[in-house]
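# Provided below are the primary sequence and the corresponding predicted coordinates.
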Amino acid sequence: MKKAGKIRNKMMAGLFAAALLAGTALPAYAEYRDMTVSYIEASTYTLSIPATVNLSETEEVSAVIGVSDVNIATTEQVQIKISSGVSSGKVTLTDTKDAANTISSTVSLTTGGEGIADDAVVAAFEGASTTPVSGGTLYFSALGDVYAGSYEGTIVFEASIVTK
């Protein structure tokens with residue numbers, strides 16, 4: 001009987017070992033998922049254009065076009081164009097009491113320069129810089145002799161963020 005007990009113990013040990021091996025042979029199941037982590041910072045800037053520029057009969061006058069609080073993507077640029085008020089490189093001012101009486105001044109991007117094109121970018125900014133990469137100052141030529149009166153004209157600017 002002792003032999004039968006030993007054989008039975010060996011068989012039980014063998015079955016137990018086989019069960020352990022079978023349990024470890026089963027594949028473990030794992031599942032992988034992706035998670036996207038993101039953040040969006042909108043491009044922003046504050047445009048700075050003088051409300052009034054007083055021209056002169058005898059001297060060239062300049063006006064600075066700028067931005068502050070600028071934070072735009074590295075692939076973008078803030079561009080400022082003139083959408084109306086300058087035609088063929090000149091701004092026209094009309095006498096407020098006599099619409100038939102007008103004067104004009106050449107508008108350029110350099111001192112003493114040629115008049116700007118109707119679709120010219122007058123200032124461009126990149127990154128977080130307030131220093132223009134192009135333009136940034138408008139120069140108005142001297143008016144010359146002008147009849148007495150109060151003259152006004154309006155220049156309308158358009159600012160937009162564009163891809164470089």
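Cool, the structure landed. Numbers count the residues shown, from 1 in each chain.
# And the residue nearest the centre of the chain, what's its pLDDT?
Closest to where the C-alpha atoms of the chain average out (C-alpha atoms, centre = their mean) is Ile72, at 3.9 Å. According to the prediction, Ile72 has pLDDT 94.
# What of Tyr29?
With respect to pLDDT, Tyr29 has a value of 81.
# I'd like the distance between it and Ala123.
According to C-beta to C-beta, to the nearest Å, Tyr29 stands 61 Å off from Ala123. Backbone N, C-alpha and C define where each C-beta goes, glycine included.
# and those two? which has more neighbours close in?
Taking other C-beta atoms under 10 Å, Tyr29 and Ala123 do not tie; Ala123 has more neighbours (25 against 5).
# what's the neighbour count on the nearest residue to Gly112 once chain neighbours are set aside?
In space, and not counting its chain neighbours, Gly112 is closest to Glu60: 6.8 Å by C-beta to C-beta, 6 or more residues apart in numbering. Glu60 has 16 neighbouring residues, counting by other C-beta under 10 Å.
# Run a quick check on Glu60 versus Phe140, I expect a contact.
Yes - applying C-beta atoms under 8 Å as the test, Glu60 and Phe140 come out as touching, 6.6 Å apart.
# Can you give me every residue that contacts the closest residue to Gly85 other than its chain neighbours?
Spatial nearest neighbour of Gly85, excluding adjacent residues (C-beta to C-beta, 6+ apart): Ile155 at 3.6 Å. Taking C-beta atoms under 8 Å, 6 or more residues apart in numbering as the criterion, Ile155 is in contact with 82, 84-86, 91, 107.
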